[in-house]
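Trainee: Got a sequence here, can you build the structure:
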Amino acid sequence: MKNTDENILALLADDRTFDQGFRMLVKTYQERLYWTIRRIVHFHEDADDVIQNTFIKVFKNIKGFEGASKLYTWMYRIACNEAISHLNRNKNRKLINNEDQMLFLENNLKADIYFNSERAQLTLAKAIDSLPEKQRLVFNLRYFEALSYKDISETLETSVGALKASFHHAVKKIETYLKENYDIVNG
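Mentor: Purely as a prediction, here's the structure:
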């Protein structure tokens with residue numbers, strides 16, 4: 001049986017095949033969701049915690065999925081909300097200034113075995129991290145996940161016009177950051 005949304009949802013709809021359907025759902029979407037979360041929270045351990053919470057919420061709420069959006073769009077919305085909640089919980093614990101936070105991020109990314117620490121990637125990660133939360137989410141979903149504005153609109157529950165503006169501003173801010181930190185990129 002192929003791992004299509006239709007097949008997964010059919011298995012999930014029947015109590016006798018629910019477990020098989022959920023395993024198929026996890027297998028199909030775990031890696032994509034992990035990297036979406038990882039781009040938001042940055043660290044492997046945090047992404048692991050958030051993806052676990054995401055799949056717990058999916059498990060608890062999948063019977064209520066109405067099919068108004070694509071399955072992955074619905075799960076991305078849950079994953080993004082879980083990642084934002086994780087960041088907000090940790091924000092209260094890490095009351096350090098922005099420069100210290102960037103240094104902390106850089107050191108952790110360099111030490112992270114799952115992160116390719118080439119200078120250009122590190123600088124891009126820092127540029128993305130400097131964006132306001134909504135712009136960072138929109139940029140990650142559009143640039144890294146290649147989601148359409150329509151899918152992002154459903155995920156973040158906002159208008160396509162607002163998303164296009166957020167993405168445009170994010171790109172401009174990243175370009176400015178990279179230009180200002182050119183010596184780091186060419187190091």
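Trainee: And the helices in this structure?
Mentor: For the chain, the helices identified by DSSP state H occupy 5-13, 18-41, 44-61, 71-93, 98-111, 119-129, 133-139, 149-156, 160-180, 182-186, in order along the chain.
Trainee: Let me have the ones you listed in JSON lines, extended by mean pLDDT and mean neighbour count.
Mentor: C-beta: built from backbone N, CA, C; applies to glycine. Compiled in JSON lines, the helices of the chain are given as follows (pLDDT from 0 to 100; neighbours: other CB atoms under 10 Å):
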{"stretch": "helix 5-13", "mean pLDDT": "92", "mean neighbour count": "16"}
{"stretch": "helix 18-41", "mean pLDDT": "92", "mean neighbour count": "18"}
{"stretch": "helix 44-61", "mean pLDDT": "94", "mean neighbour count": "17"}
{"stretch": "helix 71-93", "mean pLDDT": "82", "mean neighbour count": "17"}
{"stretch": "helix 98-111", "mean pLDDT": "57", "mean neighbour count": "13"}
{"stretch": "helix 119-129", "mean pLDDT": "76", "mean neighbour count": "17"}
{"stretch": "helix 133-139", "mean pLDDT": "87", "mean neighbour count": "20"}
{"stretch": "helix 149-156", "mean pLDDT": "83", "mean neighbour count": "20"}
{"stretch": "helix 160-180", "mean pLDDT": "90", "mean neighbour count": "15"}
{"stretch": "helix 182-186", "mean pLDDT": "48", "mean neighbour count": "12"}
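Trainee: I'd like the distance between the most centrally placed residue in the chain and A79.
Mentor: Against the mean C-alpha coordinate of the chain, by CA atoms, centre = their mean, the closest residue is T36 at 2.8 Å. Here the distance between T36 and A79 works out to 6 Å (CB to CB, to the nearest Å).
Trainee: With I56 instead?
Mentor: For I56, the distance to A79 (CB to CB) stands at 12 Å.
Trainee: go on, K179?
Mentor: Distance check for K179 against A79: by CB to CB, it reads 32 Å.
Trainee: Same question for A165.
Mentor: Applying CB to CB, the value for A165 to A79 is 23 Å.
Trainee: Identify the residues contacting the closest residue to H169 other than its chain neighbours.
Mentor: The spatially closest residue to H169, leaving aside those adjacent along the chain, is Q135, at 5.9 Å (CB to CB, 6 or more residues apart in numbering). Contact criterion CB atoms under 8 Å, 6 or more residues apart in numbering gives S166, F167, H169, A170, K173 as the residues in contact with Q135.
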